[in-house]
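S.K.: Here is a sequence with its predicted model. Questions after.
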Amino acid sequence: MILSNRLANALYSDSDYERMRVSNPEKERSSYRDPFERDYGRVIHSAAIRRLQAKTQVIGIEEGDFHRTRLTHSLEVSQIARGIAVYLNDTCPVLRDIGGAIDNSLVETGALAHDLGHPPFGHKGEKSLNKMMVNAGAGGFEGNAQTLRILTKLEGHSDVGLKLARATLLSIMKYPIPFSTATNERFYAADEKNKLKPPKSNIYDEDIEVFDQLMSVYSDEERHYMTDYIRCEGNESHHKSVNKTLECTIVELADDIAYNTYDVQDGMKLGLIRLRQLQNVIGEMKDSVDGLAAKSANVLKLVQVETVAEQETLRQFFADLVNLFIRSISLVQTNPSEFSPRFRYKAELSTPAKQLLAALKGRLVEPNIIFSQRVQTMEWKGAFMVEKLFDAMMNDKLLLPEEYRTGWANEHEARLVCDYIAGMTDSYALMMYARLFDVKAGKLFDI
């Protein structure tokens with residue numbers, strides 16, 4: 001982040017700052033801010049970011065006002081990503097050796113935008129949209145691919161998006177391979193239920209020209225590195241991409257850290273996770289993760305969490321845990337010096353910290369929150385509504401807003417419907433479903 005003239009930074013070249021989807025660069029507004037700082041502003045002022053306040057993170061928004069929504073999760077991921085960048089810039093000798101520094105605004109923007117493409121009702125909503133798109137013969141749906149589509153087509157200026165810098169867009173591309181490349185048709189054919197599991201991809205086939213433009217400035221070797229993937233030769237899964245930019249590895253780590261620490265905190269507040277369950281996981285691993293024994297001493301002594309002091313002890317532990325994870329991250333070189341620095345290094349957790357993060361997810365978050373009956377029944381209901389809305393709108397385009405009807409005749413009807421439903425908040429989807437299917441009288445302006 002540089003708020004005046006941009007200083008020399010060997011980690012970035014002019015092509016990293018170049019704005020994408022701009023037809024008339026000379027008309028771009030001049031600014032005292034650097035390109036990445038301007039990108040942060042464009043994302044934070046977007047309608048897509050505002051909608052995240054009413055989209056489910058893990059627990060539905062109607063369950064209370066303490067737990068995280070998609071918006072508060074994204075804000076926390078952004079802050080953690082900035083903390084990782086600051087830590088690596090201060091402690092990593094390789095950055096000093098090359099005369100570079102990770103741009104704080106760049107990683108903050110990537111983290112803030114990483115979940116923009118998630119539809120209403122969490123991952124069940126994502127799976128339902130994918131099933132409907134596959135059945136319609138229209139490709140599929142995946143939240144990460146929808147994020148790129150929002151930033152480059154749907155949000156901001158008509159059909160060009162927010163016109164973000166190249167490095168900013170690459171920072172959100174966890175899975176930089178086309179949707180059809182990632183799709184294993186044998187996996188879909190093996191079981192009808194597999195259509196509920198989209199491949200991990202950041203690029204719909206109809207948006208491939210955006211990705212081609214992003215990668216056009218890099219060498220053949222760099223493009224091959226970014227689009228490399230592991231092919232599933234059987235029918236057990238989809239194919240999987242393997243590489244991403246340095247900033248994207250930071251965003252991904254920040255997301256995992258926020259998800260597997262703060263969701264535990266939410267689960268405990270809501271009574272889905274018990275104190276003893278957390279203590280069991282931490283107690284078993286406290287001696288294997290550097291610093292965990294000291295940070296967890298007070299919380300391991302707790303018998304209950306009822307008083308203000310006990311609640312503060314637990315809150316401080318989660319803050320310390322996030323800090324511990326950040327301090328367990330280092331840079332690893334993955335490619336030779338001929339590569340762009342942002343393809344040459346990746347951020348990585350130490351093995352013990354990685355194991356702790358996996359334990360928090362596998363033993364606390366997944367069994368007690370994600371796969372709990374309470375959460376699954378609400379997600380099932382949301383997924384059912386998504387499918388009914390999709391069917392209704394595919395059968396009658398007049399159910400769509402006027403701006404979504406203009407492209408109806410160009411054989412992309414399913415994608416238009418998908419874009420509209422994916423952009424809905426949980427509450428808007430509930431109101432739309434009630435208007436279409438509830439026997440009660442609706443109101444003209446309730447949506």
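M.R.: Now that the structure is in, tell me what you want to look at.

S.K.: Strands of the stretch 101-250 of the chain, residue ranges please.
M.R.: 229-230, 240-241 (DSSP state E, counting those that start in this stretch).

S.K.: Now that K131 has come up, it's in contact with E387, right?
M.R.: Yes: using C-beta atoms under 8 Å, K131 is in contact with E387, at 7.4 Å. All C-beta spots, glycine's among them, are computed from the backbone N, C-alpha and C.

S.K.: Looking at these two, which has the bigger crowd around it?
M.R.: Between K131 and E387, counted using other C-beta atoms under 10 Å, K131 has the larger neighbour count: 24 against 16.

S.K.: which residues touch the nearest residue to that one once chain neighbours are set aside?
M.R.: Nearest residue to K131, sequence neighbours excluded (C-beta to C-beta, 6 or more residues apart in numbering): K195, at 4.4 Å. Going by C-beta atoms under 8 Å, 6 or more residues apart in numbering, K195 touches 130-131, 134-135, 188.

S.K.: repeat that for 6 Å
M.R.: K195 sits next to 131, 134, 188 when contact means C-beta atoms under 6 Å, 6 or more residues apart in numbering.

S.K.: and what of V417?
M.R.: Counted by C-beta under 6 Å, 6+ apart, V417 has contacts 390, 393-394.

S.K.: Out of these, list just those in helices.
M.R.: 390, 393-394 (DSSP state H).

S.K.: Can you lay out these as a markdown table showing neighbour count?
M.R.: Compiled in a markdown table, these are given as follows (neighbours: other C-beta atoms under 10 Å):
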| residue | neighbour count |
| --- | --- |
| F390 | 23 |
| M393 | 22 |
| M394 | 18 |
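
S.K.: where's L116 relative to Q355, distance?
M.R.: 31 Å (C-beta to C-beta, to the nearest Å).

S.K.: wait, I meant V251
M.R.: From V251 to Q355 the distance is 21 Å (C-beta to C-beta).

S.K.: R96 - how many residues pack around it?
M.R.: 12.

S.K.: no wait, R405
M.R.: Residues near R405, counting by other C-beta under 10 Å: 14.

S.K.: need the contact list for it.
M.R.: Residues in contact with R405 (C-beta under 6 Å, 6+ apart) are K397.

S.K.: Report the distance from the worst-scoring helix or strand of the chain on mean pLDDT to the chain centre.
M.R.: Within the chain, confidence by mean pLDDT, DSSP states H and E is lowest for helix 402-405 among all helices and strands, at a mean of 84. Distance of helix 402-405 from the chain centroid (C-alpha atoms, centre = their mean, to the nearest Å) equals 27 Å.

S.K.: Can you point out the buried residues in it?
M.R.: Judged by neighbour count using 16 or more other C-beta atoms under 10 Å, the buried positions of helix 402-405 are Y404.

S.K.: mean confidence for the helix or strand that it is followed by?
M.R.: Of the helices and strands lying after helix 402-405 in sequence (DSSP states H and E), the nearest is helix 413-422. Averaged across helix 413-422, pLDDT comes to 94.

S.K.: Also stretch 123-131?
M.R.: When pLDDT is averaged over stretch 123-131, the result is 94.

S.K.: rewinding a little: mean neighbour count, the strands of the stretch 101-250 of the chain: which tops it?
M.R.: Burial of these is given as mean neighbour count (mean count of other C-beta atoms under 10 Å); strand 240-241 ranks first at a mean of 19.

S.K.: In terms of secondary structure, what does that one contact?
M.R.: Under the contact criterion of 3 or more C-beta pairs under 6 Å, 6 or more residues apart in numbering; DSSP states H and E, strand 240-241 touches strand 229-230.

S.K.: again, 10 Å this time
M.R.: helix 179-182, strand 229-230 (3 or more C-beta pairs under 10 Å, 6 or more residues apart in numbering; DSSP states H and E).

S.K.: Kindly reformat the ones you listed as CSV containing distance to S340 and mean pLDDT.
M.R.: Below are these laid out as CSV (distance: least, C-beta to C-beta, whole Å; pLDDT from 0 to 100):
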stretch, distance to S340, mean pLDDT
helix 179-182, 22, 97
strand 229-230, 20, 97
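
S.K.: Dump these into TSV; add distance to G362 as well.
M.R.: Formatted as TSV, those follow (distance: least, C-beta to C-beta, whole Å):
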stretch	distance to G362
helix 179-182	25
strand 229-230	22
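
S.K.: And those: which comes nearest L416?
M.R.: helix 179-182 (16.9 Å; C-beta to C-beta).

S.K.: Tabulate the contacts of K195 (TSV), appending distance to R231.
M.R.: Converted to TSV, the contacts of K195 look like this (distance: C-beta to C-beta, whole Å):
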residue	distance to R231
K131	23
V134	20
Y188	15
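
S.K.: Quickly name whichever of these is closest to E366.
M.R.: Out of the contacts of K195, the member with the shortest distance to E366 (by C-beta to C-beta) is K131, at 22.2 Å.

S.K.: if I pick that closest one, what's in contact with it?
M.R.: 140-141, 188, 192-198, 383, 386-387, 390 (C-beta atoms under 10 Å, 6 or more residues apart in numbering).

S.K.: So which of the residues you listed are in helices?
M.R.: Short answer: the contacts of K131 in helices (DSSP H) are 188, 383, 386-387, 390.

S.K.: Most widely separated two among those?
M.R.: Among those, Y188 and V386 lie farthest apart (C-beta to C-beta), at 19.0 Å.

S.K.: more crowded one of the two?
M.R.: Per other C-beta under 10 Å, whichever of Y188 and V386 has more neighbours is V386, with 27 against 19.
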